[in-house]
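Student: A predicted structure for the sequence below; I have some questions about it.
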Amino acid sequence: MCGIPEAQLDIHRHLFRTDDPRACPRCRQRAAAAPSVACAQERLHDKVLTAAPGALRTWLLNVLRDGAEIGIWISGPADRIAIHAHADRITDGAETVKNLLATHDRIGIARVVQPFGEFIVLLPEHTGPIIAWTTR
């Protein structure tokens, strides 16, 4: 929002709170004047709808509808942001995730927090989302 070129950023999505004392004053004003947009859970839900059907997809859609916490949602070159996918802990979908993270393709990674694990959602630019599960 402050005018830094997007090419110079790794994007970390989180709730921007205008009342946070660390919030940039200029961004605070711009956020207050901006029209309302869908929350992170709604945006991720809409992206997950395009993933291949399966048990993980159904489960993830349900927890997003219930407002599950998105621990992190970042974008960047896969090999550069791969650490955020916690690939070494994935118990369901590990092979597909590891192959995608070995590329330099631009992707998004979202982690949806659950009490006993996390959904790992990879969001490649040119294909549908990949959903995996990791234990804590």
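Tutor: Happy to help now that I have it.
Student: Which parts of this protein are strands?
Tutor: Per DSSP state E, the chain carries strands over the ranges 11-12, 70-77, 90-92, 106-114, 117-124, 130-135.
Student: Return the list of strands paired to the third one, each annotated with direction.
Tutor: Take DSSP bridges as the rule and strand 90-92 pairs in its sheet with strand 130-135 (antiparallel).
Student: can I get the strands of the chain in TSV with mean neighbour count?
Tutor: Backbone N, C-alpha and C define where each C-beta goes, glycine included. As requested, the strands of the chain are exported to TSV (neighbours: other Cβ atoms under 10 Å):
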stretch	mean neighbour count
strand 11-12	12
strand 70-77	17
strand 90-92	15
strand 106-114	21
strand 117-124	22
strand 130-135	20
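Student: Indicate which one of those is closest to Ile83.
Tutor: Comparing the strands of the chain by their distance to Ile83 (Cβ to Cβ), the top pick is strand 106-114, with 9.4 Å.
Student: And that closest one, what does it pack against?
Tutor: Identification of packing neighbours for strand 106-114 by 3 or more Cβ pairs under 8 Å, 6 or more residues apart in numbering; DSSP states H and E yields helix 55-65, strand 70-77, helix 78-81, strand 117-124.
Student: again, only using 10 Å
Tutor: With contacts taken as 3 or more Cβ pairs under 10 Å, 6 or more residues apart in numbering; DSSP states H and E, strand 106-114 sits against helix 40-48, helix 55-65, strand 70-77, helix 78-81, helix 94-101, strand 117-124, strand 130-135.
Student: Run the angle between the longest one and helix 40-48 for me.
Tutor: Helix 55-65 and helix 40-48 meet at an angle of 150 degrees, taking axes from the mean of the first three to the mean of the last three Cα atoms, to 10 degrees as the criterion.
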